[in-house]
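A.B. asks: My questions are about this predicted structure, shown below with the sequence.
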Amino acid sequence: MIKCSAGAAILLIACGFATARFGSGLQMPATTTRDGTLITLSRYLREPVPDVVLVGSSLTFRLKEEYFATPSLRNLALAGGSPVTGLKIVANRPQLPGLILVEMNVLSRSVDAPLVERYSRDIEPLFFRPVRAAVAAYEQRRHAPLTHEQVAPELRRLVGRPPSDFDNRVYADRALQQFNAEDPTDEARINTKRIEELIRMVEQRGARVLLIELPYSEAIESSRSAAITRKIAHAAFPDSKRWLPVEVNRSELRWTDGVHLDERSAVIVTQAMERALASARMAK
């Protein structure tokens, strides 16, 4: 019996390593920033389809799921990635959420094709599925996300404090130089076309898509890259009803580098988005 148990344990461990190495779909995640997103993507595949999904870049990645009081919401934004990647993953799944929010600030990045392939379909061998499910479930329990109810008191305290007085000029100046040096025209046009096609695809299947622009600092807002991206996005989607308005008192917002919202500001923007979502649902 001891030998049999030991043999079974060795086989399960071997299958676990083989699954993590050669499988696809629900991989055993690690804890880096990118792999934190992979944990969320893996959860998206194994849990019931949420009502609302966010896709975008590192700007949207800062809007943590626990900041939202909206139930059944998943944030699939990719730090350093493109909103098209997340939108393609959602569009390729057999079931769609009721509402998809697509961030349009960053359109200069290419689609992450390996990530799309990895999380679009269940293509793992049947032999590996029980082990993969056990490994993924264990890891996801270890990294279980906080709920809004757990963090709500701290969020209220955070928003009640005055804005940060952190001096970010060194980082903001560097970001402004990069934004003024970059011409995103070609990639932004390609990605806008992809988004248009994906919107048609998912809306034909019953989902609803709204676009969002997250606020930059004033200097970044006026930069070459931001202005070009905004012009291309609004030319492609001129209907104001397609956009979810994010109305905030900008004097309350702060950015770590002129581009990415600090934690307090991310909570404020999240609250503004929820107010807009409530209005959009009433108007539907």
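C.D. replies: Arrived safely, thanks for sending.

A.B. asks: show me the contacts for the nearest residue to residue 262 once chain neighbours are set aside.
C.D. replies: Counting by CB to CB, 6 or more residues apart in numbering, residue 262 lies nearest to residue 254, which is 4.9 Å off, once chain neighbours are set aside. (Each C-beta comes from the backbone N, C-alpha and C, glycine too.) Applying CB atoms under 8 Å, 6 or more residues apart in numbering, we find residue 254 in contact with 163-164, 166, 168, 261-262, 264-265.

A.B. asks: Looking at those residues, which two lie furthest apart in space?
C.D. replies: The span of these, defined through CB to CB, is set by 168 and 264 at 13.7 Å.

A.B. asks: What is the distance between stretch 273-284 and the centre of its chain?
C.D. replies: 20 Å (CA atoms, centre = their mean, to the nearest Å).

A.B. asks: got it, and stretch 256-265?
C.D. replies: 16 Å.

A.B. asks: Can you give the contact residues for that stretch?
C.D. replies: With CB under 8 Å, 6+ apart as the criterion, stretch 256-265 contacts 58-59, 62, 158-159, 161, 163-164, 166, 168, 171-172, 174-176, 179, 214-217, 219-220, 252-255, 269.

A.B. asks: what sits against residue 209?
C.D. replies: Residue 209 touches 99-102, 199, 202-203, 242, counting by CB under 8 Å, 6+ apart.

A.B. asks: Let's see that with 6 Å instead.
C.D. replies: For residue 209, the contacting residues are 100, 199, by CB atoms under 6 Å, 6 or more residues apart in numbering.

A.B. asks: Equivalent analysis for residue 59, please.
C.D. replies: 105, 214.

A.B. asks: before we move on, the earlier item: which of the contacts of stretch 256-265 are buried?
C.D. replies: Buried by 16 or more other CB atoms under 10 Å: 58-59, 62, 158, 168, 171-172, 175-176, 179, 214-217, 219-220, 253-255, 269, out of those.

A.B. asks: Can you tell me which of these end up in helices?
C.D. replies: 58-59, 158, 171-172, 175-176, 179, 219-220, 269 (DSSP state H).

A.B. asks: Where do the helices of the stretch 101-250 of the chain begin and end?
C.D. replies: Under the criterion DSSP state H, counting those that start in this stretch, the stretch 101-250 of the chain contains helices at 113-120, 129-142, 148-160, 169-181, 185-204, 218-221, 224-236.

A.B. asks: and the first one, average pLDDT?
C.D. replies: Translated: helix 113-120. Averaging pLDDT along helix 113-120 yields 92.

A.B. asks: same deal with the third one?
C.D. replies: Averaged across helix 148-160, the pLDDT comes to 95.

A.B. asks: Outside of it itself, list whatever touches it.
C.D. replies: By CB under 6 Å, 6+ apart, helix 148-160 touches 66, 69, 264, 267.

A.B. asks: How about the contacts made by the second one?
C.D. replies: Same thing as residue 69. Residue 69 touches residue 148, counting by CB under 6 Å, 6+ apart.

A.B. asks: Return the backbone torsion pair for it.
C.D. replies: Dihedral pair for residue 69: phi -80, psi -20, per degrees, to the nearest 10.

A.B. asks: Cool, thanks, talk later.
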